[in-house]
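Engineer: model the following, please.
(3 chains)
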Amino acid sequence: MSQTILKNTIEDLELLRSKVPLVHNITNYVVMNNTANALLAVGASPIMAHAIEEVEEMVTICSATVINIGTLSEPWIQSMEKAAKKAVSLGKPLVLDPVGAGASNIRNAAIRRILDAGNPTIVRGNASEILSTLSSSGKTKGVDATDSSESAVETGKSLSKVTGGVVVISGATDYILKGTDMAQISNGDALMTKVTGLGCTASALCGAFAAVQTDQLRAATSAMAVMGIAGEMAKSKTSSPGSFQVAFLDALYELNADTIKQRLNAK
Amino acid sequence: MSQTILKNTIEDLELLRSKVPLVHNITNYVVMNNTANALLAVGASPIMAHAIEEVEEMVTICSATVINIGTLSEPWIQSMEKAAKKAVSLGKPLVLDPVGAGASNIRNAAIRRILDAGNPTIVRGNASEILSTLSSSGKTKGVDATDSSESAVETGKSLSKVTGGVVVISGATDYILKGTDMAQISNGDALMTKVTGLGCTASALCGAFAAVQTDQLRAATSAMAVMGIAGEMAKSKTSSPGSFQVAFLDALYELNADTIKQRLNAK
Amino acid sequence: MSQTILKNTIEDLELLRSKVPLVHNITNYVVMNNTANALLAVGASPIMAHAIEEVEEMVTICSATVINIGTLSEPWIQSMEKAAKKAVSLGKPLVLDPVGAGASNIRNAAIRRILDAGNPTIVRGNASEILSTLSSSGKTKGVDATDSSESAVETGKSLSKVTGGVVVISGATDYILKGTDMAQISNGDALMTKVTGLGCTASALCGAFAAVQTDQLRAATSAMAVMGIAGEMAKSKTSSPGSFQVAFLDALYELNADTIKQRLNAK
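Structural biologist: Purely as a prediction, here's the structure:
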């Protein structure tokens, strides 16, 4: 399977760079600049727009929509619901990043409302967020609050059943699954956890790849492979987080078939 | 004319750095950090403030106001209208950056409302945005939706007639025009399009120069010259967008009469 | 006293890095990314959350709350009041950064409302902001609008009497005082004023240290020492503001007992 992922990642990145898809983001204040820059660096074209009056138009002109609840408030949740509904009605890729799921009631409620508005084609979070997202969906009971990789995979499978889409569990190893299918990416570096918003960037990249690759499991796998490889490339330049953030954007721009071949660690 | 632009740019930059003008920005979430840093780096002093309760006070204490509709919503449009009206009533420079003009109805409506509230002394955008701004002004009909440089100049002239002010069309060559006067700056680098918000930075710099140079056509020309030259200086340090964003801020801080003399490509 | 500050700073930084405290920030749009990255780099864990529905939960799960009024508006002020009240009721550290105090009526009103909701354990600002904060508190009359260090210290003492907490006056020398106790840190570099939001970062670091060190005067002193030393370390790498911003984050991550010993200039 590793050879398939290798071939797919290279092809999908080429596809992305040739199509330069417009990716619509309703995301948090903390990461907007870096997310937009990451999308540009990898080869996509970002639009950041949250006003309820325009989200449907933005979903319509874009090839994918990414919803991130990092710094939400009620007006933004309403825009997220409207965007999700529109994306699903148009059959466009919809990515949900449930940042901080479980940390507050409004986050859990927002997740439920967004899931009710439209099932995301991809949900990406860490183990804890995926667990809380499943819990918030209201479609399950008695979820054990464990964050181990093993149980996160089972949780991810349950969430995939609820949404009918792809679930990505980020970590030292990323698990990308849909139904019974699953891929694993073991690239990346621990320094990525010392820079804010790289999880958000991963979700945005899922959107960018999903915009050009209809097989959403494959798209999300390619996105996570690119994230991890860019992280390793950045780490080869610096061991401190300020310059890492900069080097990471450079790496997204620089990475190509050769660097993917050299570094990909997938199964 | 190139010699005049050279002399003016050098003088205006010195003036800016000696006066350290306060520049008020109502701008988008994506670029706020970089815009503030660019204003500091070039020698100005930024204030970012959008609350409707305070925009009139901020316009009053600042030497120029820059309105950027990148991530707008209804409450922000109301603040923009109020700020525009106040700036015009006080005879202060007012810059409008119509980000994403034409992409949604609320953007077009916002542009019309801001133009109705007060004519900007400078409007800066790319060809497509300038076209949509003219269209949104409601003062024209049947504008052809072509983005070529040639027609963008004619569109810019029409918009200049509507506002009575300067219009800047950004591109590989920047056209800065007012009525029948026009300057051209051909500095810069294609990598600038791979970093989010450098157009927004250009508009903020127009505000900074307009704050110290009453001849607004000259002010905008100096701003675009400085932008392009800083872009070339940054490109001489790096060919990737993450480090380019950083090098660009460094260049704004470092550029001086010598670098302007070496690099300016104007007519 | 310098030896005590040296020992305390080293101990407090070790404590912070071992405890990795959750620090809740209601801060401005301009600096959110850098503030979150600075907290991560120094060894804390940031949460940025402003929705009125969740601020009480965030105060509860975090070890300190930092309120920064840089880009405020009425809904945010209400969240700030609620968060301040909750922090005080739980006996948790509360930091107030009165950005732009005195620049508009809404800022002064916001400061008064936040002080009324709950006395901050630490207020950090420049001389002018501390003066305006005292003025806004409504607990004084006839404050002279002078920004000299000398009078700023007296003003700080008066504000400390009003809040019963620590007051930090940032400048070439930082004065950290509570009642009649006072420490001074003379580290840092003038280039820090050419990067937006380093004052905001200082306040966030006050929160991070206050989260692990119950002696709030000591916590604020350690935070300002770390700020100034990181600034000097960054300056040793670059003399331009774009790369300085990056190098500053690297320095927060890299600094240790040795660099503190080499550079601390305190009394």
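
Engineer: residues in contact with the closest residue to chain B within the stretch 151-267 of chain A?
Structural biologist: Going by CB to the nearest CB, chain B is nearest to A:L249 of the stretch 151-267 of chain A, at 2.9 Å. C-betas here are computed from N, CA, C, even on glycine. Residues near A:L249 by CB atoms under 8 Å, 6 or more residues apart in numbering or on different chains: A:N34, A:N37, A:A38, A:A41, B:S240, B:P241, B:G242, B:S243, B:Q245.

Engineer: okay, and it sits in which element?
Structural biologist: Using DSSP states H and E, A:L249 maps to helix A:241-254.

Engineer: gap between that helix and the chain center?
Structural biologist: In this view, helix A:241-254 has its centroid 18 Å away from the chain centroid, taken as CA atoms, centre = their mean, to the nearest Å.

Engineer: and stretch A:117-124, by the same measure?
Structural biologist: On CA atoms, centre = their mean, the centre of stretch A:117-124 falls 10 Å from the chain's centre.

Engineer: with stretch A:201-216 instead?
Structural biologist: Counting by CA atoms, centre = their mean, stretch A:201-216 comes out at 7 Å from the chain centroid.

Engineer: who touches the residue in chain A that chain C sits nearest to in this structure?
Structural biologist: Closest approach between chain A and chain C, counting by CB to the nearest CB: A:G242, at 2.8 Å. By CB under 8 Å, 6+ apart, A:G242 lies in contact with C:N37, C:A41, C:Q245, C:V246, C:A247, C:F248, C:L249, C:D250, C:A251, C:L252, C:Y253.

Engineer: ok, A:V226 touching A:G43?
Structural biologist: No: using CB atoms under 8 Å, A:V226 is not in contact with A:G43, being 10.1 Å away.

Engineer: skipping its backbone neighbours, what lies nearest the residue of chain A closest to chain C in space?
Structural biologist: C:L249 (2.8 Å; CB to CB, 6 or more residues apart in numbering or on different chains).

Engineer: repeat that for A:S73.
Structural biologist: In space, A:S73 is closest to C:A51, 4.3 Å off (CB to CB, 6+ apart).

Engineer: how about the secondary structure of the one you found?
Structural biologist: coil (DSSP: H, G, I helix; E, B strand; the rest coil).

Engineer: now A:E154
Structural biologist: What three-state DSSP gives for A:E154 is helix.

Engineer: repeat for A:K92
Structural biologist: At A:K92 the chain is in coil, as set by three-state DSSP.

Engineer: A:N37: which element?
Structural biologist: Using DSSP H and E, A:N37 maps to helix A:32-42.

Engineer: again with A:T4
Structural biologist: A:T4 is part of helix A:2-19 when elements are defined by DSSP H and E.

Engineer: returning to what we had before: of all the contacts of A:L249, which comes closest to B:C206?
Structural biologist: B:C206 lies nearest to B:Q245 out of these, by CB to CB, at 19.7 Å.

Engineer: does that closest one really touch A:N37, like I thought?
Structural biologist: Yes: the pair B:Q245 / A:N37 is scored as a contact, 6.9 Å apart, by CB under 8 Å.

Engineer: need the overlap of contacts for those two.
Structural biologist: Contact criterion CB under 8 Å, 6+ apart; residues shared by B:Q245 and A:N37: A:L249, B:V195.

Engineer: next, the contact list for A:Y29, please.
Structural biologist: A:Y29 sits in contact with A:G70, A:T71, B:Y29, C:Y29, C:M32, C:M48, where contact means CB under 8 Å, 6+ apart.
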